[in-house]
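Participant: need a 3D model of the sequence below.
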Amino acid sequence: MIEDNSPSDIWIASQHTNKFDASCKVSLFASLSDPQAEGSVIYFNPHDPSVLYANVQHTAAEDWDATWANSRHARESK
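Facilitator: Down below sits the predicted model:
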């Protein structure tokens, strides 16, 4: 789930549900680093599930609307 707040947050809901089929646990996964950016869509690369894409709008950068990629590989290489 992606939340349109400042900064936009990305949440993960557990697949374990209660008797109302609501998730038993929701955890913060990530937040967009640009405080002006509004996340609109997130999805995983179908060929490499370690890459998550976030579509963002209204960024503070001059690139305007964009798709940002984040991967486990990028974090490990730093």
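
Participant: could you pull up the residues touching the closest residue to Gln36 other than its chain neighbours?
Facilitator: Closest residue to Gln36 in three dimensions, ignoring its sequence neighbours and counting by C-beta to C-beta, 6 or more residues apart in numbering: Ala60, at 4.2 Å. C-beta here means a position set from N, CA and C on the backbone, and glycine is covered the same way. The contact partners of Ala60, by C-beta atoms under 8 Å, 6 or more residues apart in numbering, come to 34-37.

Participant: ChimeraX command for the buried members of those residues?
Facilitator: Here is the ChimeraX command that picks out the buried ones among the contacts of Ala60, judged by 16 or more other C-beta atoms under 10 Å:
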select :34,37
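
Participant: pLDDT-wise, what's the bottom of the contacts of Ala60?
Facilitator: Between those, the one the model trusts least by pLDDT is Pro35, at 78.

Participant: in contact with that one, which residues?
Facilitator: By C-beta under 8 Å, 6+ apart, the neighbours of Pro35 are 6-7, 60.

Participant: can we see that at 10 Å?
Facilitator: Shown in contact with Pro35 (C-beta atoms under 10 Å, 6 or more residues apart in numbering): 6-8, 59-60.

Participant: now, of those residues, which are buried?
Facilitator: Here, 16+ other C-beta under 10 Å leaves 8, 59 buried among the contacts of Pro35.

Participant: quick one: which helix or strand includes the residue nearest to Val41 when sequence neighbours are not counted?
Facilitator: Leaving aside its sequence neighbours, Val41 sits nearest to Asn55 (C-beta to C-beta, 6+ apart; 4.2 Å). Using DSSP states H and E, Asn55 falls within strand 48-57.

Participant: what is the mean pLDDT for that strand?
Facilitator: 89.

Participant: alpha carbons of it, in CSV - could you do that?
Facilitator: What follows is strand 48-57 as a C-alpha-only set of coordinates in CSV (Å, rounded to 0.1, in the frame of the first residue of the first chain):
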residue,chain,number,x,y,z
ASP,A,48,13.2,-9.4,-10.8
PRO,A,49,11.1,-9.3,-7.7
SER,A,50,13.9,-7.7,-5.7
VAL,A,51,13.2,-4.4,-7.6
LEU,A,52,10.3,-2.2,-6.4
TYR,A,53,9.0,0.7,-8.5
ALA,A,54,7.2,3.7,-7.1
ASN,A,55,5.4,6.1,-9.4
VAL,A,56,5.6,9.6,-7.9
GLN,A,57,4.3,13.0,-8.7
